[in-house]
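Chemist: what's the 3D shape of this:
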Amino acid sequence: MKELIYHRLLLPAVSRHADRPIATNAATGASTTYAEHLDAVGRLIGGLQRLGVGRGDRFAVMTLNSPEYLQLYHAAFLGGGVVNPLNLRFAPKELAYVLRDSGTKVCFVDAIFAPLIDAVKADAGLEHVVLIGPGDVPHTITWAELLSGASVIPDEGEETDPVVLMYTGGTTGLPKGVLLDQRAEILNAYHVMMRLQFDASVVNLIQTPMFHAASMFGVLGGPAQGAHTVIVPMFDPAAVMAAVETYQPSTTVMVPTMIGMTMAHPDFRPERLGSFADLVYGASPMPQALLEKMLALYPEMNIWQGYGMTESSSVLTFLGPDEHRSGGQFLRSAGMPLPGVVISIQDDEGNELPAGEAGEVCARSGNFMIEYWNKPEATAEVFRGGWYHAGDAGYLDEQGYLYLVDRVKDMIVTGGENVYSSEVENALASHPAVLQVAVIGIPSEQWGEAVHAIVVRREGIDVTEAELITHSREWIAGYKVPKSVSFRDEPLPLSGAMKVLKRELRAPYWEGRDRNVN
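Modeler: I've put the predicted structure just below:
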């Protein structure tokens with residue numbers, strides 16, 4: 001009989017902190033202790049097994065942030081299957097594709113998203129829909145019913161067991177599934193904890209969506225150290241400030257857009273974010289003016305920038321508090337590689353470039369994905385030459401600090417979400433009035449980058465900006481929909497290889513800036 005290998009993060013924390021709170025729902029005030037949490041995780045694993053979900057099988061989650069969401073993640077890490085956290089802004093067509101592509105048969109929902117899942121259930125091939133919380137909405141079993149059976153002793157299994165399947169933007173117009181194993185996720189937590197110190201005194205506020213890679217350290221890092229995790233169900237500046245006042249969290253992660261929205265709120269006062277000893281921002285670079293405002297308001301706060309991606313579980317580099325306080329050129333940097341991470345800048349042939357010379361950002365580390373789910377060619381391409389190719393253009397200075405200058409991939413980062421231009425172009429091209437379309441990212445103080453479409457209309461067919469935006473909403477998630485559309489009378493500029501010269505189209509919008517990404 002196989003000897004059980006107990007989880008190196010969660011289970012020791014439970015044994016040390018059984019009666020302390022692990023998670024609190026900021027909206028309701030309901031708290032769960034470490035012992036109660038582990039008991040629920042064991043019964044959840046048993047319930048999943050009764051629904052036919054075991055190690056390696058996928059189960060999906062489409063709910064707001066909650067302590068139950070944390071239990072679902074930990075169930076995956078303790079042998080309950082592979083968690084497939086669904087982007088809450090997926091359009092129905094994307095949602096059905098992701099569920100079909102992943103082979104997911106069980107989906108957890110709350111009352112808000114149950115109707116959407118019910119609408120795609122047949123097309124997606126779902127067999128069971130588990131309802132978390134109250135609601136007169138379609139489902140096949142409730143959370144309470146699922147957890148009413150016998151508990152299963154958690155079994156960590158092997159480091160190579162897949163535990164997370166997280167879908168991100170796709171170059172073909174469809175999302176790609178990023179498959180991550182125990183080793184990758186836990187190594188990433190270790191790497192971060194070597195820089196960002198956590199202990200049982202920490203109160204960590206999760207306000208980023210729990211389907212997003214930006215939340216993964218909160219899912220693993222805080223609970224590993226006995227920290228108290230306060231969870232805001234859905235980001236709202238007023239709700240975040242209220243949670244800060246009530247629970248006095250010491251640590252949080254925010255996307256720059258969230259910081260900007262909170263500081264622009266009419267009820268914002270500096271003390272309403274003043275309890276944070278450490279604030280990490282990431283998922284998209286910080287506008288310079290907003291960063292300078294933060295540093296002036298909070299000179300004692302440790303401000304960190306994290307750079308990474310879903311494929312790296314999710315952090316590769318950190319820019320620390322000292323560099324932020326030093327100011328100057330450091331404020332344009334994405335920081336230094338974390339322990340265990342190697343960054344290389346390479347040209348198109350895979351040759352390493354010297355300090356100061358820009359090329360593609362490439363990385364090696366133990367915290368990268370296994371593969372793109374069902375996409376061996378895309379996996380081989382992104383790992384060519386033994387390096388992960390990030391799709392960002394940048395350079396390293398003499399000290400090893402990374403600076404990003406542009407994107408190699410045809411990708412836009414808006415409000416912390418990745419949008420591949422082809423996804424938006426495919427949606428717009430389905431309109432009969434569109435002859436040619438190119439989608440680019442343009443500067444935005446609110447979103448970092450905004451999705452902008454440039455359209456050449458078919459002769460004799462008129463269409464307005466509003467009509468195209470409305471049309472695209474039928475095909476793609478709301479955050480991918482263009483914020484603006486402009487029209488050209490002349491054809492789009494093409495290279496010798498007959499590819500649209502997007503750099504030429506982007507140039508007027510980015511003129512006068514020292515880098516072509518925000």
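Chemist: Pop the domain breakdown of this protein in here.
Modeler: As given by automatic domain parsing, the domain ranges for the chain are 10-395, 412-510.
Chemist: give me the low-pLDDT residue ranges for the stretch 51-200 of the chain?
Modeler: For the stretch 51-200 of the chain, the stretches with pLDDT under 70 are 156, 170-173.
Chemist: Ala35 against Asp19, yeah?
Modeler: Yes - in this structure Ala35 lies within contact range of Asp19 using C-beta atoms under 8 Å: 6.7 Å. From N, CA and C alone the C-beta is placed, and that goes for glycine too.
Chemist: neighbour-wise, which of the two wins?
Modeler: Higher neighbour count among Ala35 and Asp19: Ala35, with 15 against 8, using other C-beta atoms under 10 Å.
Chemist: what's the distance between the more buried one and Glu467?
Modeler: To Glu467, Ala35 is 56 Å away according to C-beta to C-beta, to the nearest Å.
Chemist: what residues are up against Thr33?
Modeler: Shown in contact with Thr33 (C-beta atoms under 8 Å, 6 or more residues apart in numbering): 18-22.
Chemist: Next step: the residues you listed restricted to strands.
Modeler: 21-22 (DSSP state E).
Chemist: re the thing from before, out of the domains of the chain, indicate the one that is most buried.
Modeler: Greatest average neighbour count among the domains of the chain goes to domain 10-395 (a mean of 19), per mean count of other C-beta atoms under 10 Å.
Chemist: end to end, how far does it reach?
Modeler: By C-alpha to C-alpha, to the nearest Å, the extent of domain 10-395 from end to end equals 38 Å.
Chemist: what about Tyr97, distance to Ala477?
Modeler: As judged by C-beta to C-beta, Tyr97 and Ala477 stand 12 Å apart.
Chemist: go on, Ala507?
Modeler: 28 Å.
Chemist: Same question for Ala30.
Modeler: Separation of Ala30 from Ala477 (C-beta to C-beta): 30 Å.
Chemist: re the thing from before, of the domains of the chain, which is nearest Leu402?
Modeler: Among those, the nearest to Leu402 by C-beta to C-beta is domain 10-395 (4.6 Å).
Chemist: what are the ranges of the helices in the stretch 201-350 of the chain?
Modeler: With DSSP state H, counting those that start in this stretch as the criterion, the stretch 201-350 of the chain has helices at 216-224, 237-247, 256-264, 288-297, 321-326.
Chemist: Backbone dihedrals for Ser486, both of them.
Modeler: Backbone torsions of Ser486, given as degrees, to the nearest 10, read phi -120, psi 160.
Chemist: mind checking the SS state of the residue nearest to it when sequence neighbours are not counted?
Modeler: Nearest residue to Ser486, sequence neighbours excluded (C-beta to C-beta, 6 or more residues apart in numbering): Ile454, at 5.4 Å. The three-state assignment at Ile454 reads strand, by DSSP: H, G, I helix; E, B strand; the rest coil.
Chemist: Remind me what the helix or strand where Val164 lies packs against, helices and strands.
Modeler: Element membership for Val164 (DSSP states H and E) is strand 162-168. Other elements packing on strand 162-168 under the criterion 3 or more C-beta pairs under 8 Å, 6 or more residues apart in numbering; DSSP states H and E are strand 82-85, helix 92-102, strand 176-181, helix 182-193.
Chemist: who does the third one pair up with?
Modeler: Take DSSP bridges as the rule and strand 176-181 pairs in its sheet with strand 162-168 (antiparallel), strand 371-372 (antiparallel).
Chemist: Between helix 182-193 and the first one, find me the angle.
Modeler: Using axes from the mean of the first three to the mean of the last three C-alpha atoms, to 10 degrees, one finds that strand 162-168 and helix 182-193 are set 80 degrees apart in direction.
Chemist: How about residues contacting strand 162-168?
Modeler: 56, 58, 73, 76-77, 82-87, 98, 102, 175-182, 185, 211, 213, 216, 309-311, 370, 373, 418.
Chemist: Now do that strand against helix 216-224, angle only.
Modeler: Using the same axes, to 10 degrees: strand 162-168 against helix 216-224 is 150 degrees.
Chemist: Okay, angle between strand 162-168 and helix 92-102 too, please.
Modeler: Orientation of strand 162-168 against helix 92-102 (the same axes, to 10 degrees) gives an angle of 150 degrees.
Chemist: quick one: Thr379 and Glu371 touch, right?
Modeler: Yes - here Thr379 lies in contact with Glu371, judged by C-beta under 8 Å, at a distance of 4.4 Å.
Chemist: mind checking how far Ala213 is from Ser314?
Modeler: 4 Å.
Chemist: What sits closest to Ile112 if chain neighbours are left out?
Modeler: Closest residue to Ile112 apart from its sequence neighbours, by C-beta to C-beta, 6+ apart: Leu64 at 6.6 Å.
Chemist: Quick check: the gap between the one you found and His191.
Modeler: From Leu64 over to His191 the distance is 29 Å, taken as C-beta to C-beta.
Chemist: For the stretch 351-500 of the chain, which segments are assigned as helices?
Modeler: Taking DSSP H, counting those that start in this stretch as the test, the helices found in the stretch 351-500 of the chain are 376-382, 421-429, 465-472.
Chemist: Could you name the helices and strands sitting against the longest one?
Modeler: Spelled out, that is helix 421-429. strand 434-444, strand 448-457, helix 465-472.
Chemist: mind redoing it with 10 Å?
Modeler: strand 411-414, strand 434-444, strand 448-457, helix 465-472 (3 or more C-beta pairs under 10 Å, 6 or more residues apart in numbering; DSSP states H and E).
Chemist: now swap in the first one and tell me
Modeler: Using 3+ C-beta pairs under 10 Å, 6+ apart as the contact definition, the elements that helix 376-382 packs against are strand 176-181, strand 371-372, strand 388-396.
Chemist: thinking again about what came up before, could you tell me the least trusted of the helices of the stretch 351-500 of the chain?
Modeler: Mean pLDDT is lowest for helix 421-429 out of these, coming in at a mean of 83.
Chemist: That one to helix 465-472, inter-axis angle?
Modeler: Using the same axes, to 10 degrees: helix 421-429 against helix 465-472 is 110 degrees.
Chemist: Cool, thanks, talk later.
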